[in-house]
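[1] predicted model follows, preceded by the sequence.
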Amino acid sequence: MSRAEHHAWIGLGSNLDGPREHVARALEELDRLPLTRRVAASRLYASRPVGPADQPDYVNAVAQLATRLSPLALLDQLQALEQRHGRVRGRRWGPRTLDLDLLLYDDRRLALPRLTLPHPEMTRRAFVLVPLAELAPSLTLDGQPLARLAAGLDRDGLAPVLPTGG
């Protein structure tokens, strides 16, 4: 385990069993992972599902973490958190109570059987790049600011989730 503090960016999504509550609770629980603290979190966004259309819309967010865990140890913690939320791995891109994706870990590049960094699909997904750019617009990926990458994506079906109550 590394002693240095690293910055990791996590994509959160849910579309089953109270998705807003799953994402909000997971944002709080990220702050309680071992050797990890949550630095920032985006607003919540509603988005259409990627993949099978016969499922509810998603609630998504992005969180920035400071962690002393290695990328694989952090991935293990994220997958354990998914399990605590009742995650069942069924069909690819199917519905889920909680999905946690390790998007970025410092500027590290990895290509392992369990983990690829940066996340290979993130630059094609507005529900990832828009909240990520909200938190860190000047952060770059392959020399491009995230805000510029996010601006180039189709945002149809993506909208901020309005707060409940009055």
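    Received it, and whenever you're ready, just let me know what you need.
[2] now do the strands in the chain.
    6-14, 36-41, 45-47, 58-67, 99-105, 110-111, 116-117, 140-141, 144-145, 159-160 (DSSP state E).
[3] next, the angle from the second one to strand 6-14.
    An angle of 70 degrees separates the directions of strand 36-41 and strand 6-14 when computed by axes from the mean of the first three to the mean of the last three C-alpha atoms, to 10 degrees.
[4] mind listing the strands strand 36-41 pairs with, and their directions?
    Sheet neighbours of strand 36-41, with direction, are listed as strand 58-67 (antiparallel) (DSSP bridges).
[5] tilt between the strand it pairs with and strand 99-105?
    Using the same axes, to 10 degrees: strand 58-67 against strand 99-105 is 40 degrees.
[6] out of the strands of the chain, which is closest to L81?
    strand 99-105 (6.2 Å; C-beta to C-beta). C-beta: built from backbone N, CA, C; applies to glycine.
[7] about what we covered before: possible to save the strands of the chain as JSON lines with distance to V130, mean pLDDT and mean neighbour count?
    Shown next, in JSON lines, are the strands of the chain (distance: least, C-beta to C-beta, whole Å; pLDDT from 0 to 100; neighbours: other C-beta atoms under 10 Å):
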{"stretch": "strand 6-14", "distance to V130": "11", "mean pLDDT": "97", "mean neighbour count": "24"}
{"stretch": "strand 36-41", "distance to V130": "14", "mean pLDDT": "97", "mean neighbour count": "17"}
{"stretch": "strand 45-47", "distance to V130": "7", "mean pLDDT": "97", "mean neighbour count": "21"}
{"stretch": "strand 58-67", "distance to V130": "9", "mean pLDDT": "98", "mean neighbour count": "24"}
{"stretch": "strand 99-105", "distance to V130": "13", "mean pLDDT": "97", "mean neighbour count": "22"}
{"stretch": "strand 110-111", "distance to V130": "24", "mean pLDDT": "97", "mean neighbour count": "10"}
{"stretch": "strand 116-117", "distance to V130": "20", "mean pLDDT": "98", "mean neighbour count": "16"}
{"stretch": "strand 140-141", "distance to V130": "14", "mean pLDDT": "92", "mean neighbour count": "15"}
{"stretch": "strand 144-145", "distance to V130": "13", "mean pLDDT": "92", "mean neighbour count": "14"}
{"stretch": "strand 159-160", "distance to V130": "9", "mean pLDDT": "95", "mean neighbour count": "12"}
